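1. What follows is a predicted protein model with its sequence.
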Amino acid sequence: MAALLVLCIAFSWTTRDSMGHFSFLSGRGRSQGTSQKTLVDLRPWQTAEALTPLAVTAEEKEYAHEAERLADHEVDQAFASALRQASTQALHRNLTGDALALSQKVEQLQQQLKEDKALVSRLTAASGSDAASTKDAATDESDELEVAKAQLGLDNDQLEDAQQELARASGDDRAQIQAELTAHEALMSKYDSEARSRGEVAAISVKRHSTMASRIVAWKSQIDRLALIQQAMQLAQSDIAALTAEHTALEGKANAKTATPDSDSTDRASKLARIVERTEERQLLTICSDRIQTEQQLAGVYGKWSAQVLVQHRTLLHMIVQSLGVIAFILICVILCDGLVRWLTANPALDRRQTQTLRSVLQLGIQATGGLLILLVVFGWPRQMSTVLGLTTAGLTIALQDFILAFFGWFILMGKNGIRIGDWVEIDGVGGEVTEIGLMSTTLLETGDLADRGHPTGRCITFLNSFAIRGKYFNFSTAGQWMWDEITVSIQESGDTEKIVDEIREAVEKETEKSARVAEQEWKRGARGDGLSRFSAVPVVNLRPSGSGIELLVRYVTRASERFGVRNRIYQQVIELLHKENVPEAADGAGVIEKS
């Protein structure tokens, strides 16, 4: 990538003069859209035509159209001058060899063409006046007329071919100049028929650049346009110098001939030829003077156009500086607001972690706002606002889908089967007591599983409320938070085993009688039907053989918050019963299995 960057910079530097290779700068006498060299210099028109599309404002278009008018007039005068010079050279050219033979052939063909035209005229008149002729005679005359017309066309084509060959052999450029003039006039007719808009005035056009980016682009475009206009003005000035030199040479030649007196012995034909030659030279001087004046006017138009572009350039530069000032003001506001946030969050009364969090959030918000304002100054508001809002909404929906689900999950948690502050819940395998339920998150004080109830770990764990939609959570569905607890007692096998079991059951029932009754009522109210009516909260005692005797598994219902106190009281009563019956304990440990 570094090598690619270096290559791009190198080629960009070597092609920095690409704007100087327009058609009107590529050489003298090149016609637009072709590489064929013309005899007449068309650069003034090509220059004006190439610069016209670059005009932006109404003032620039006015100067462009004026430049086109002057350039067209200058080219017309150049054609007139070229035709006169070619005619003068043709009159004074001495033909020899092939050129002389071709000249004689042209004269013969011209004479033959006159005879053909006379014959066609005579036959046409004869066919129209002889109304009383017979049918056969009329047919013969019609055939003769057609043959005469065909011969006229053949002789005309031969004359044109001979004239072209004579022009090539003698160096006569009048035919080619005339063809170039015809092509130019056709191009001008097509150009004049095209509709052209006038454009906006500069004051309105410049104000349309409302963003800094568009102003910079327009400013760069003005620099390129100004360079091209100044190059066109330099071309016009160089043409003025060339035409001035040509005018001086023609004037010196004409003055020299005027100063030379005509000889009396010269015949009248030669004297008339010299007078015609002097007249042609004076006409060429007049045309050259007109071309010089036109080129001066054209250079003046390009100068005014350059001045107009400079005015617009200065206006755009002023607007760019204003945009930079706005950006600097935004940056100053961001820095001041950042310092204000630091000063406000330096209050020692606030918690250190809260201070850092608040400072980070405020600083990020200030910087994001400042960056957004700078982007709006540089690029402006998006034009396709609906599309931008749609794409932004879709992107935010994907990026913030967890927060969106968390927001809707809060409504589920606030429902009938949701959770409340103080509930003992399990979310994603983490158990604890609910300490806070927010719009986006739920916070637990971790207490571990049910066996560790009442022994918090000291960690506060926060979950996004999206778990209510995506995952699952466990919660006590009754107000008392009832749970099944168990104790295990090992006794030796004896004849009083059944009696001991009954006494233990009675002790447990007596201890948990009130709790069991309330639990059954709450379960029935919490059920959607009568499906739980067959369940009972009465304690259950199961017997299992063990290596040291018999193992009693006692299950009973208790409140989650009272489980440890109830368990201790039941153990105490069991121990008293065993001592009363003089039954030694086989094991002093008791296992607890959680049920809810």
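-> That came through, no problem. This is a predicted model, so every value here is computed, not measured.
2. contacting residues around Arg122?
-> Arg122 makes contact with no residue under the criterion Cβ atoms under 8 Å, 6 or more residues apart in numbering. Every residue, glycine included, has its C-beta placed from N, CA and C.
3. Let me know how buried Val40 is, in neighbour terms.
-> By other Cβ atoms under 10 Å, 20 other residues sit near Val40.
4. One more: Asp161?
-> The burial count for Asp161: 13, using other Cβ under 10 Å.
5. what's the closest non-adjacent residue to Thr52?
-> Leaving aside its chain neighbours, Thr52 sits nearest to Ala64 (4.3 Å; criterion: Cβ to Cβ, 6 or more residues apart in numbering).
6. how far away is that neighbour from Ala299?
-> Distance from Ala64 to Ala299, counting by Cβ to Cβ, to the nearest Å: 15 Å.
7. swap in Gln112?
-> 53 Å.
8. now Gln230
-> 11 Å.
9. quick one, which of the two is more surrounded?
-> Comparing Gln230 with Ala299 by other Cβ under 10 Å, the one with more neighbours is Ala299, at 21 against 15.
10. for the helix or strand containing that one, packing partners?
-> For Ala299, the element it lies in under DSSP states H and E is helix 268-344. If you count contacts as 3 or more Cβ pairs under 8 Å, 6 or more residues apart in numbering; DSSP states H and E, helix 268-344 packs onto helix 43-51, helix 58-91, helix 202-207, helix 212-259, helix 352-379.
11. For Arg567, find the nearest of these.
-> Closest approach to Arg567 among the helices and strands packed on helix 268-344 is made by helix 352-379 (39.8 Å; Cβ to Cβ).
12. Rounded mean pLDDT for the closest one, please.
-> Mean pLDDT, computed over helix 352-379, is 80.
13. That one: how far from the chain's middle?
-> Distance of helix 352-379 from its chain centroid, counting by Cα atoms, centre = their mean, to the nearest Å, is 27 Å.
14. what mean pLDDT does the next helix or strand after it have?
-> Next in sequence after helix 352-379, counting helices and strands by DSSP H and E, comes helix 385-399. For helix 385-399, mean pLDDT rounds to 79.
15. which stretches of the stretch 401-550 of the chain form strands?
-> Secondary structure of the stretch 401-550 of the chain (DSSP state E, counting those that start in this stretch): strands at 424-427, 430-437, 441-446, 460-464, 473-475, 482-491, 540-546, 549-559.
16. Tell me the helices and strands packed up against the last one.
-> Yep, that's strand 549-559 we're talking about. Partner elements for strand 549-559 (3+ Cβ pairs under 8 Å, 6+ apart): strand 482-491, helix 497-526, strand 540-546, helix 563-580.
17. one more time with 7 Å, if that's ok
-> strand 482-491, helix 497-526, strand 540-546 (3 or more Cβ pairs under 7 Å, 6 or more residues apart in numbering; DSSP states H and E).
18. tilt between the first one and strand 549-559?
-> Computed by axes from the mean of the first three to the mean of the last three Cα atoms, to 10 degrees, the angle separating strand 482-491 from strand 549-559 equals 160 degrees.
19. likewise the last one?
-> With the same axes, to 10 degrees as the criterion, the two stretches strand 540-546 and strand 549-559 enclose an angle of 150 degrees.
20. Can you tell me which helix or strand of this structure has the lowest average pLDDT?
-> None of the helices or strands of the chain scores lower by mean pLDDT, DSSP states H and E than strand 585-587, at a mean of 42.
21. circling back: give me whichever of the helices and strands packed on helix 268-344 is most buried.
-> When those are scored by mean count of other Cβ atoms under 10 Å, the highest mean neighbour count falls to helix 43-51 (a mean of 24).
22. any idea of the angle it forms with helix 58-91?
-> 150 degrees.
23. How is the chain partitioned into domains?
-> As given by automatic domain parsing, the domain ranges for the chain are 403-475, 482-587.
24. averaging pLDDT over each of the ones you listed, which comes out lowest?
-> domain 482-587 (a mean of 76).
25. thinking again about what came up before, looking at the helices and strands packed on helix 268-344, which has the lowest confidence?
-> Averaging pLDDT over each of those puts helix 202-207 lowest, since it has a mean of 67.
26. any idea how far Tyr556 lies from Asp41?
-> 117 Å.
27. in terms of contact, does the residue nearest to Thr52 touch Leu51 like I think?
-> Yes - counting by Cβ atoms under 7 Å, Leu51 is a contact partner of Ala64 at 6.2 Å.
28. what sits against the most centrally placed residue in the chain?
-> Closest to where the C-alpha atoms of the chain average out (Cα atoms, centre = their mean) is Pro382, at 10.1 Å. If a contact means Cβ atoms under 7 Å, 6 or more residues apart in numbering, then Pro382 has Val388 as its contacts.
29. which phi and psi does it have?
-> Dihedral pair for Pro382: phi -60, psi 140, per degrees, to the nearest 10.
30. separation between it and Leu391?
-> According to Cβ to Cβ, Pro382 and Leu391 sit 10 Å apart.
31. which residues sit against stretch 313-327?
-> Under Cβ under 7 Å, 6+ apart, the answer for stretch 313-327 is 206, 209, 212, 215-216, 218-219, 222, 226, 374, 377.
32. what do you get for stretch 285-294?
-> For stretch 285-294, the surrounding residues in contact (Cβ under 7 Å, 6+ apart) are 70, 73-74, 77-78, 80-81, 240, 243-244, 246-247, 250-251, 254.
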